[in-house]
Every structure is written in C-alpha cells, then in structure tokens.
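A.B. asks: mind looking at a prediction? Sequence and model below.
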Amino acid sequence: MLTLVTGTTGQVGRRFVPRLLAQAGPGERVRVLVRDASRADHLCDLGAEVVLGDLRDEEALGKAVAGADAVVNIAASFRGVPDEEARAVNRDAAVALGRAALASGVRRFVQVSTGLVYGTGRGRPLVEEDEIRPGGAMWGAYPEAKAAAERELTAMEGMDVRVGRLPFVYGEGDPHLAASLRWAAHWAPTQRLQMGHHADVAQGLLRLLYAPAVNGPVHNIADDTPVTAVDLHRLNGVELPADMDTRTDPDPWHGIMSTRKIRRDLGFRPIHPSVWSALDAGAL
C-alpha cells in the first residue's frame, strides 16, 4: 500500500506523518508532496518518499498520486491569508487532488476538514448528519472552502472518500494554544472551544485511513472536554480581562462536536481526554 500525504510541513501534517511511518507494515510506503525538499529532510530520514511540487500544480498532482493506493489530504491555508488563497488551497486544490487521485486509480481518499463547517450551533453537540448552516462568529472563507471541498469530493464516484472534521488542535509544542487568546480574550468566561490533541487527531485519521469500511464519509475527531475562555487564559498563564464577567455567550453550542460515531464505529478513544490531562502528561 502506498499512501500519499499532503500538508506535511504544517502543524498537523508534520506530526501525523512520523506516526504513519512508525506503524507502517511490510510493503507499506508513504509519499509526501512538498514545495521545499529541505523541509522534508526529517521525513526522508524516517523513510518517506518525497515528490516536489505545489498542490495547485496539476502536473505535480499527477506525479504525486501516480501508483498511490490512498491519499490523506491535510494541506490547508487559513488564519491571516486572503480569501482568494483560502479558497484556492482549501477548495480548488483539494478538489483537483481528488480528481487526479480518482483518475490515477486511488481507492481511498481521506480529506481533513474542520468542525467550523457546521456553522451555527444546534443547541446540542454537532453530529455528522447535521446540515451545514453558514454563519456565526467563526464563519469565513476557510470553513466555506472546506465545506465546498467536502461536497465535491464526497460526490465523486469510484473512490472511497472519508472526511475527518477536526476541532481546535494543540499539543507537542504547537503554538496554536497561545494563539487561542486572539479570540478567547473577547469571549464570555464560559464560552467553550472544542479541543483535540495532535496524538488524537493522528489516531482518528489513521483509523479513517485503515478502516475496511465506514458508516458514511464524515467523522468528527475531538477530545472529551471542551475548554472555556477562563481555561484558555489559565493554560496560557494570562490574567482574565477585567470586563470578562460582563460578557454573554451568543451561541453556547457553537463548534461543540459529538464523537459518538467515531467511537462507536471505529473504536476511537482519546489518548488525552482533556487539555488538562495532556498538561499533566507533559504533552502540551
């Protein structure tokens, strides 16, 4: 089995690929698509094959998927990029990769998406069958593009497409946790953020990659304990804003995802059920 992985120099990909390589069996190979070979040196040392090219270059995509049995598309562009780039990478390039994979005979395609595609809350934890409702404070070009990519990829016939919707990802030195304060500093004290440690994101994606069959393409991947704005300040060692206790949460269920499906169907159990257990384990 040959698996192509994109986005391997990003925060998720650089932590996922070593885990994929570490558990590869005899005859299983891993290929990565990168724009800069020097950024993949450590992956080469671990045994990955490297293809140079840009995700937005169709010729490079053809070389990358040639002979592959599966694709894990982790590549993403978000936070601070122009809307045009967010759509070009998260929608257009993802769909082009899917089409190239289908044409090359790839049997399985794992698309990494985001829980932000749900849009507004439902007054309960979000489940995979919920329709997308654009809107809410976190809606923008990134979730819009990811939602469009999901629609187009899952509509492709002849390839087993599986979607993993991720929460706020943290851990293992990822600076993402500190960046959470750009939002949490303006939240109500009880406003919550759904979390997922890199180890558990990798676990969920590996289960999607290797499961013989899945019950529907979409699966939420997250831990058990969303954190509050107060928690995020404590975790970052920052004092609470003086006016925080005067704020209210406009959508208490925004972004809070149920993981019942991936637990029941694929046996997912978080290694780090909460950010506090990850802190105790020294895994932040």
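C.D. replies: That came in fine, so what should we check first?
A.B. asks: what segments of the stretch 101-250 of the chain are strands?
C.D. replies: Along the stretch 101-250 of the chain, counting by DSSP state E, counting those that start in this stretch, strands occupy 108-114, 160-166, 168-170, 192-193, 195-197, 218-220, 227-228.
A.B. asks: just those: most buried one?
C.D. replies: strand 195-197 (a mean of 27; mean count of other C-beta atoms under 10 Å). Backbone N, C-alpha and C define where each C-beta goes, glycine included.
A.B. asks: list the pairing partners of that one within its sheet, with orientation.
C.D. replies: The pairing partners recorded for strand 195-197 under DSSP bridges are strand 168-170 (parallel).
A.B. asks: what's the pLDDT at residue 51?
C.D. replies: Note for residue 51: predicted pLDDT of 95.
A.B. asks: try residue 85
C.D. replies: pLDDT, residue 85: 94.
A.B. asks: so residue 260 sits against residue 128, correct?
C.D. replies: No: using C-beta atoms under 8 Å as the test, residue 260 is too far from residue 128 to be in contact (9.4 Å).
A.B. asks: between the two, who's got more neighbours?
C.D. replies: residue 128 (18 against 12; other C-beta atoms under 10 Å).
A.B. asks: mind listing what's buried in the lowest-mean-pLDDT helix or strand in the chain?
C.D. replies: Ranking every helix and strand in the chain by mean pLDDT, DSSP states H and E puts helix 41-46 at the bottom, with a mean of 89. Using 16 or more other C-beta atoms under 10 Å as the test for burial, helix 41-46 gives residue 43.
A.B. asks: and what of stretch 114-134?
C.D. replies: Buried residues in stretch 114-134 (16+ other C-beta under 10 Å): 114-122, 125-126, 128, 130, 132.
A.B. asks: quote the end-to-end distance of that stretch.
C.D. replies: Start-to-end span of stretch 114-134 (C-alpha to C-alpha, to the nearest Å) is 13 Å.
A.B. asks: what's that stretch in contact with?
C.D. replies: Here stretch 114-134 makes contact (C-beta atoms under 8 Å, 6 or more residues apart in numbering) with 135-136, 138-139, 142-144, 146-147, 150, 165-167, 194, 216, 218-220, 222, 251-258, 260-261.
A.B. asks: ok, of those, which come out buried?
C.D. replies: Buried members of those, scored by 16+ other C-beta under 10 Å, are 136, 138-139, 142-144, 146-147, 150, 165-167, 194, 218-220, 222, 251, 253-257, 261.
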